[in-house]
Each structure stands twice: as structure tokens, then as C-alpha cells.
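Participant: output the structure for:
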Amino acid sequence: MALRNAVFEKPFCSPNPAAIVEWCREQNPDSVAVDAPCDWSQSGSSRAAERELAARGIRCFTTPTRTHALAHKKGFYDWVFNGEELYRLMKPHYPLLNGELVRRPVCFETFPHAIVCALAGKAVPAKPKKIRRLKVLSEQNYDVSVLSNIDFIDAALCALTADEFRKGRIRQFGTREEGILVVPEFAARAA
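Facilitator: Residues are numbered from 1 along each chain as shown. The predicted structure follows:
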């Protein structure tokens, strides 16, 4: 999903990382926000970013070590491996954020539920996912009429975060070793 002049445009969805990179390059963004883990746990069942979000009451998927994921027999982590390939293909055009704020094209990890919590200023329940996410985008004065499914809604939240990154209004979680996760600055609302 591209966001230009506060308007979501060009919805695009593909399971093919190469097609996503090609589409991104056609859009020529300043930054690309990706809803997939950008790295693996170095020593356990979760990464620092995930533990930091959990400490704020924000539940999220936890990323194990790569070895653990490879050993999983039912392919549960296939989507994470697909994300890993996306980051690899993005790297020549949009290097992965390493924790330092930069002004060049960059890509980074984000997480739609954490974005919603940041915009709400507090941890909120994830469900009903579609309704809650559309509501927070509408409250931010975005036209949500092109967001016909949850994938486009989540892509819009990622695009919003990329725009906030461009403006320098973000919060980072995690470490360089296990990956940095970016969300918009937390709104100043009472808990």
C-alpha cells in the first residue's frame, strides 16, 4: 500500500517477495514498512522487541531462533521465511534499519496491532481486528474506502508508519542483533 498526500493508493498484494520489491521500486518510497519479523531470536523463543511490546501489554507473535523454525514440521514459520526473503531482496534498494534514524531509503519491520495501540495511546484488544483497525485509521482522518480486506488494512497501517518514520515521529523496539521494530510515537492519551 502506498500513502501519498495522506491518501492510500495502489493497493497491491502478492505472496512473491520479488514482485513486492518490484512494486515498491515502482512507487519510489522514502521508506518501506514490512509486517514480518526482520530477524530471528538469537537465544530463545522471542526477540527483544517482542518482549518490550509484551511489557507494555501488547500481545504479539513471538519469533524463535531460525534453527527452531526450520525444525518445525508443519510449516508454521513459512510466512516468516517468506519475510526473510523479502528483506534479503529489499536490501540492495532499501537497507534494513539498524536502529539509527536515517534519511535515505530504508525498510523496517512494523506490526499492525502495535501500530493501533500506539495510535490509541495504550494497549487495546486486538479483536475484532478488522473493525478496530479501520476505526483507528478513520480516527486519523484517512479515507478507508479502498481498504477492502484485512491485508490492505494492515498494509495501510504499515504505510502510515512509514510516513511517520519519514517525519521522525516513531518509537523503536528491539536490538540491532535481533531486529528493530518500529511503530508511530505513542499518542498522549490517558490509560
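Participant: ok, longest helix in the chain?
Facilitator: With residue count as the measure and DSSP state H as the assignment, the chain has helix 150-166 as its longest helix.
Participant: report all helices and strands that it contacts.
Facilitator: If contacts are counted by 3 or more CB pairs under 8 Å, 6 or more residues apart in numbering; DSSP states H and E, helix 150-166 sits against strand 2-4, strand 31-34, helix 112-120, helix 129-139, strand 179-184. In this view, the C-beta of every residue, glycine as well, is placed from N, C-alpha and C.
Participant: so how far is the helix or strand just after it off the chain centroid?
Facilitator: Moving toward the C-terminus from helix 150-166, the first helix or strand encountered (DSSP states H and E) is strand 170-175. Taking CA atoms, centre = their mean, to the nearest Å, one finds strand 170-175 lying 12 Å from the centre of the chain it belongs to.
Participant: repeat for stretch 50-58
Facilitator: With CA atoms, centre = their mean as the basis, stretch 50-58 stands 15 Å off its chain's centre.
Participant: ok, now which ones touch residue 156?
Facilitator: Counting by CB atoms under 8 Å, 6 or more residues apart in numbering, residue 156 touches 1, 3, 8, 137, 142, 144, 147.
Participant: could you list the low-pLDDT ranges of the chain?
Facilitator: Regions of the chain meeting the criterion pLDDT under 70 cover residues 188-191.
Participant: quick one, what contacts residue 62?
Facilitator: By CB under 8 Å, 6+ apart, the contact list for residue 62 reads 41, 45-47, 50.
Participant: now it. Nearest residue, chain neighbours left out?
Facilitator: Setting aside the residues directly before and after it, residue 62 is nearest to residue 46 in space (CB to CB, 6 or more residues apart in numbering), at 3.8 Å.
Participant: circling back to that earlier point, which one (most neighbours) among the contacts of residue 62?
Facilitator: Using other CB atoms under 10 Å as the contact criterion, the top neighbour count among those goes to residue 47, which has 30 neighbours.
Participant: can you tell me the closest non-neighbouring residue to it?
Facilitator: Nearest-residue entry for residue 47: residue 178, 4.1 Å, with adjacent residues in sequence omitted and distances by CB to CB, 6+ apart.
Participant: go on, residue 68?
Facilitator: Closest residue to residue 68 in three dimensions, ignoring its sequence neighbours and counting by CB to CB, 6+ apart: residue 45, at 7.5 Å.
Participant: just residue 184 next, same as before
Facilitator: With CB to CB, 6+ apart as the measure, residue 164 is the residue that lies nearest to residue 184, at 4.2 Å, once sequence neighbours are left out.
Participant: correct me, but that neighbour touches residue 187?
Facilitator: No - contact status for residue 164 versus residue 187: not in contact, 11.4 Å apart, counting by CB atoms under 8 Å.
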